[in-house]
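K.L.:
I'll drop the sequence and a predicted model, then ask my questions.
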Amino acid sequence: MKNKIKEIRTKLNITQDELAQSVGVRRETIVFLEQGKYNPSLNLAHSVAKKLKIKIDDLFIFEEEDEKRK
Amino acid sequence: MLNNSNINNKKMTIKKYNIFRMIIVIALAIIFSQAIIFQNFLLSAGVLIIGSLIVYSMRKNVKEVMADERDYEHGGKAALLAMQIYCWMGVVAMFALKSQAYLNATYDIIANTLAFSICIFMLLYSFIFRLKSKGKFWNGWTVYTFIVLVLFIILAIMGTIKI
């Protein structure tokens, strides 16, 4: 699943470490999230979106391929 | 006067925790094994308890996130895969040992122990899985799995005693 985490995080001048600490995950998880290699739980997605002051729908780009993979 | 860097140095980070834990585990293993060799069981038990308490208190001081949902997800998958590998290897080893039991009677005992351990392992996994997925103990399938597990443990102990 693609997302705009890196783009918005950079705009807001927040480091990966800061974002990770504020949402209660390890920095590696943020790295994997940004690379689109990890699908977060609804709770984590909500926390990240809240921290980045954006709607979940606008932050994560859901593609049909993601659904087919399941 | 303490500056920020000094304060940060006093924090127990995950890296520091892992290094200290490794040192403590190595020291514990050396003292524990020596205590067992010299048959000083009180010392070995004491060392084990003190070591566990030190590691526990160190872990309490780590303020960083040690594990998150991604770790738990991977942990679950790794545990399942490890269980499957262990079970398959155990079954193969059991048949191999059973077939060679005429050479040495101990092979038969090892094969039986392996078979019992695999069954208990799978039943335990099944019970915990049902408990977690249903969210309560008083569910038909969870209670049923628990009863089967307890019965199997009793049978396994009885079987082992008979052997």
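P.N.:
Sure thing, it's come through. Residues are numbered from 1 along each chain as shown, chains lettered A, B, ... in the order given.
K.L.:
number of residues surrounding the closest residue to chain A within chain B?
P.N.:
When distances are taken as C-beta to the nearest C-beta, chain B reaches nearest to chain A at residue B:68, 3.9 Å away. C-betas here are computed from N, CA, C, even on glycine. Residue B:68: 19 surrounding residues under other C-beta atoms under 10 Å in any protein chain shown.
K.L.:
dihedrals phi and psi, the residue lying closest to it once chain neighbours are set aside?
P.N.:
Excluding the flanking residues, the one nearest residue B:68 by C-beta to C-beta, 6 or more residues apart in numbering or on different chains is residue A:25, at 3.9 Å. Note on residue A:25: its backbone torsions stand at phi -130, psi 170 [degrees, to the nearest 10].
K.L.:
if we can go back for a sec, I'd say the residue of chain B closest to chain A and residue A:27 touch.
P.N.:
No. Residue B:68 is not in contact with residue A:27 according to C-beta atoms under 8 Å; the separation is 10.0 Å.
K.L.:
got a list of what the residue in chain A positioned nearest to chain B touches?
P.N.:
Going by C-beta to the nearest C-beta, chain B is nearest to residue A:25 of chain A, at 3.9 Å. Taking C-beta atoms under 8 Å, 6 or more residues apart in numbering or on different chains, we find residue A:25 in contact with A:44, B:65, B:68, B:69, B:70.
K.L.:
report the rounded mean pLDDT for stretch B:101-120.
P.N.:
Here stretch B:101-120 scores 90 as its mean pLDDT.
K.L.:
what's in contact with that stretch?
P.N.:
Outside stretch B:101-120, the residues within contact range by C-beta under 8 Å, 6+ apart are B:86-87, B:90-91, B:93-95, B:97-98, B:100, B:149, B:152-153, B:156, B:159-160, B:163.
K.L.:
just the buried subset of these, please.
P.N.:
B:87, B:90, B:94, B:97, B:98, B:149, B:152, B:156 (16 or more other C-beta atoms under 10 Å in any protein chain shown).
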